[in-house]
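> return a 3D structure for these sequence lines:
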Amino acid sequence: MNNSNIAREVDFAWCILKTNAEFKKDLRDAIANKTSKSDKMDTLKKFEFIKYESENSFLKNKWGVLNTPEIDDIAGYTVFWNPEISKNSIEIRLCENNGPTLIDIFRLSNAKITGAIFEQSKKCIIKITLQLKFYQLVISDFQQADYSKSIQLCTPLTPKFSLCVKTAKLILELTNGNTSESTTQTKAARESILIANSIEDGTPHREIALKLFGLESVKHHWAPDSWMRAKIRYNINKTKQLIRGGYRDLI
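Next comes the predicted model:
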């Protein structure tokens, strides 16, 4: 399988959603109708936040995307998900207690760190993209952010609470240098991204098989009733389900 064109650190959910034809149309319309231009603001040690005047309510309500991302973003670094529906997002506040700080997050060398500020709501989101996953730290008022203070979990006792605690534990592990991943899950996810891109490009099934299994294997096993053709059809249908809305389970 050749995944050389898929970056190591990508947002799996975004890689799937961006191939949805209806979403692409909505995103183009959102970009065309955008009245205010986003810009970048330097902060701690040249860490850049993308600054938006407001959230994109249409994309937020329909697709779960909080902002208007760059249309050519292939990895999802400029994509910020609605924290209200994202199980990978946790609200935090900063305090004087001992523990990891935002500086520790910014210094993570094995992850891609990006940030967004929404001026109207004062919301600040710091996104950690690691391998095929993402996590979001949400600060309710960016003006209160002190990067030297410790991160404290701030979430109500709702059904989402246990998910927030789990996400918080995973982020804590990242700051401690634990970045292990499931090889099986990673392989399946990268195959799904490759298939989603192939569906978007209109690639024939046999060419998808060539990308996944290689020329020699396809020569020997590609036939109308072969296991390989059945597997390709199954994987395509499974990926289409992700594109049509299953990506929400990934955010």
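
> name the nearest residue to residue 24, sequence neighbours excluded.
Nearest residue to residue 24 in three dimensions, chain neighbours excluded: residue 18, at 7.0 Å (Cβ to Cβ, 6 or more residues apart in numbering). Any C-beta I mention is one placed from the backbone N, CA and C, and that applies to glycine too.

> which residues touch the one you found?
Residues near residue 18 by Cβ atoms under 8 Å, 6 or more residues apart in numbering: 24, 73, 74, 76.

> closest to residue 233 out of these?
residue 24 (24.5 Å; Cβ to Cβ).

> tell me how many other residues surround that closest one.
Residue 24 has 14 neighbouring residues, counting by other Cβ atoms under 10 Å.

> check which helix or strand it maps to.
Using DSSP states H and E, residue 24 sits within helix 21-32.

> helices or strands up against that helix?
Secondary-structure packing of helix 21-32 (3 or more Cβ pairs under 8 Å, 6 or more residues apart in numbering; DSSP states H and E): helix 57-63.

> following the helix it packs on, which helix or strand comes up?
strand 89-95.

> before we move on, the earlier item: who wins for most neighbours among the contacts of residue 18?
Among these, residue 76 has the most neighbours (other Cβ under 10 Å), with 26 neighbours.

> so who does that residue touch?
By Cβ under 8 Å, 6+ apart, the contact set of residue 76 is 10, 11, 13, 14, 15, 18, 69, 129, 134.

> can you flag which of the residues you listed belong to strands?
The strands, defined by DSSP state E, take in 129, 134 from the contacts of residue 76.

> in ChimeraX, how would I select just the buried ones from the contacts of residue 76?
Here is the ChimeraX command that selects the buried residues among those (16 or more other Cβ atoms under 10 Å):
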select :10,11,13,14,15,18,69,129,134
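
> tell me which of the contacts of residue 76 is nearest to residue 171?
Closest to residue 171, out of all of those and judged by Cβ to Cβ, is residue 134, at 11.0 Å.

> secondary structure element holding the spatially closest residue to residue 155 that is not a sequence neighbour?
Nearest residue to residue 155 in three dimensions, chain neighbours excluded: residue 164, at 4.4 Å (Cβ to Cβ, 6+ apart). According to DSSP H and E, residue 164 maps onto helix 161-175.

> list of residues touching stretch 214-226?
Here stretch 214-226 makes contact (Cβ under 8 Å, 6+ apart) with 1, 206, 209, 210, 213, 227, 228, 229.

> nearest to residue 187, out of those residues: which one, please.
residue 1 (7.6 Å).

> do you know the pLDDT at the closest one?
Model confidence at residue 1, expressed as pLDDT, equals 41.

> show me the contacts for the residue lying closest to residue 207 once chain neighbours are set aside.
Using Cβ to Cβ, 6+ apart and skipping the chain neighbours, the partner closest in space to residue 207 is residue 198 (7.3 Å). Applying Cβ under 8 Å, 6+ apart to residue 198 gives the contacts 207, 208, 211.

> would you mind measuring from the first one to residue 134?
Looking back up the chat, that one is residue 207. To residue 134, residue 207 is 30 Å away according to Cβ to Cβ, to the nearest Å.

> excluding chain neighbours, what is closest to residue 172?
The shortest distance from residue 172 to any non-neighbouring residue, by Cβ to Cβ, 6+ apart, is to residue 100 (6.6 Å).

> and for the one you found, the neighbour number?
Look at residue 100: counted by other Cβ under 10 Å, it has 14 neighbours.

> cool, and the one 3 residues further on?
Look at residue 103: counted by other Cβ under 10 Å, it has 13 neighbours.
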